[in-house]
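1. coordinates only, no sequence provided:
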């Protein structure tokens with residue numbers, strides 16, 4: 001997933017961004033509403049991690065704006081322990097969940113996964129292509145019943161294609177999904193990850209569309 005972190009506490013924001021990137025997500029981190037709005041205008045995000053107390057205003061304003069514009073991006077708000085009214089207002093304003101500061105980053109990851117599973121449940125959450133099964137809700141892939149061991153970014157490639165079955169994903173779209181702003185990207189990074197996945201599950205799952213990108217082979221949803 002591509003995740004936008006809006007958090008003005010530098011140690012926390014840095015730690016969250018680092019942990020999310022190590023988990024295979026593309027994570028961008030900003031400390032103000034102004035920068036967050038600029039990021040949302042420049043890139044497409046799957047998830048927004050939003051602090052409600054920011055130096056240039058309330059995160060609730062951004063939350064309302066995002067929902068007013070019709071975005072279905074998943075949103076998790078963070079609040080201080082004693083701000084119960086903010087938590088209630090955040091949920092009422094369209095947030096999917098909240099987490100109270102201070103929080104453990106591993107707990108945050110679990111919350112992100114839980115919210116993501118709810119969104120996956122609205123669409124196909126299990127895809128079968130020949131002898132390969134992709135379980136988006138559980139973030140697992142198996143071949144002939146045996147689980148395939150994937151790195152975080154190898155899974156990110158599979159997840160991106162599986163969430164858009166049949167659609168062609170360009171190299172640029174895949175780089176956006178796998179890397180955050182400012183991360184260094186090798187010129188052949190996407191080709192390398194696709195090649196690694198193919199070695200693990202065969203060449204038939206990910207198809208190359210010459211000059212355009214990659215797509216998932218025809219599947220049966222169940």
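-> Here it is on my side, so go on. Predicted model only: the values in this text are computed from it and were never measured.
2. and the longest helix along the chain, what's its mean pLDDT?
-> For the chain, the longest helix by residue count, based on DSSP state H, is helix 105-121. What helix 105-121 shows for mean pLDDT is 79.
3. give me the distance from the helix or strand following it to the chain's centre.
-> Using DSSP states H and E, the next helix or strand after helix 105-121 towards the C-terminus is strand 126-129. When distances are taken as Cα atoms, centre = their mean, to the nearest Å, strand 126-129 is centred 20 Å away from the chain's centroid.
4. quickly run through the sheet partners of strand 126-129, with directions.
-> strand 132-135 (antiparallel), strand 220-221 (antiparallel) (DSSP bridges).
5. how distant is stretch 51-64 from the center of its chain?
-> With Cα atoms, centre = their mean, you get 21 Å for stretch 51-64.
6. which parts of it are buried?
-> By 16 or more other Cβ atoms under 10 Å, the buried positions in stretch 51-64 come out as 51-54, 58-60, 62-63. Using the backbone N, CA and C atoms, a C-beta is placed for each residue, glycine as well.
7. now swap in stretch 149-158 and tell me
-> Here stretch 149-158 shows 150, 153-158 as buried, counting by 16+ other Cβ under 10 Å.
8. pretty sure residue 131 sits against residue 146.
-> No - between residue 131 and residue 146 there is no contact under Cβ atoms under 8 Å: 10.0 Å.
9. which of those two has more residues huddled nearby?
-> Just comparing residue 131 and residue 146: by other Cβ atoms under 10 Å the higher neighbour count belongs to residue 131, 13 against 7.
10. residues in contact with the more buried one?
-> By Cβ atoms under 8 Å, 6 or more residues apart in numbering, the contact set of residue 131 is 143-144.
11. would you mind measuring from it to residue 201?
-> 9 Å (Cβ to Cβ, to the nearest Å).
12. pull up the overlap in contacts between those two.
-> The contact lists of residue 131 and residue 201 share residue 143, where a contact means Cβ under 8 Å, 6+ apart.
13. how about the strands in this protein?
-> 2-6, 26-30, 47-51, 53-54, 57-58, 74-80, 97-101, 126-129, 132-135, 140-143, 146-147, 206-209, 213-216, 220-221 (DSSP state E).
14. how about the nearest residue to residue 144 once chain neighbours are set aside, phi and psi?
-> Excluding the flanking residues, the one nearest residue 144 by Cβ to Cβ, 6 or more residues apart in numbering is residue 131, at 5.0 Å. As for residue 131, its main-chain torsions (degrees, to the nearest 10) stand at phi -100, psi 10.
15. how near is residue 131 to residue 162?
-> 16 Å.
16. tell me where the chain is predicted with low confidence.
-> Along the chain, segments meeting pLDDT under 70 span 81-83, 119-124, 219-222.
17. break it down into its structural domains.
-> 2-123, 126-216 (the TED database).
18. shouldn't residue 136 be in contact with residue 159?
-> Yes - here residue 136 reaches residue 159: they are 6.5 Å apart, a contact under Cβ under 8 Å.
19. got a list of what residue 190 touches?
-> So residue 190 contacts 157, 171, 174-175, 178 (Cβ under 8 Å, 6+ apart).
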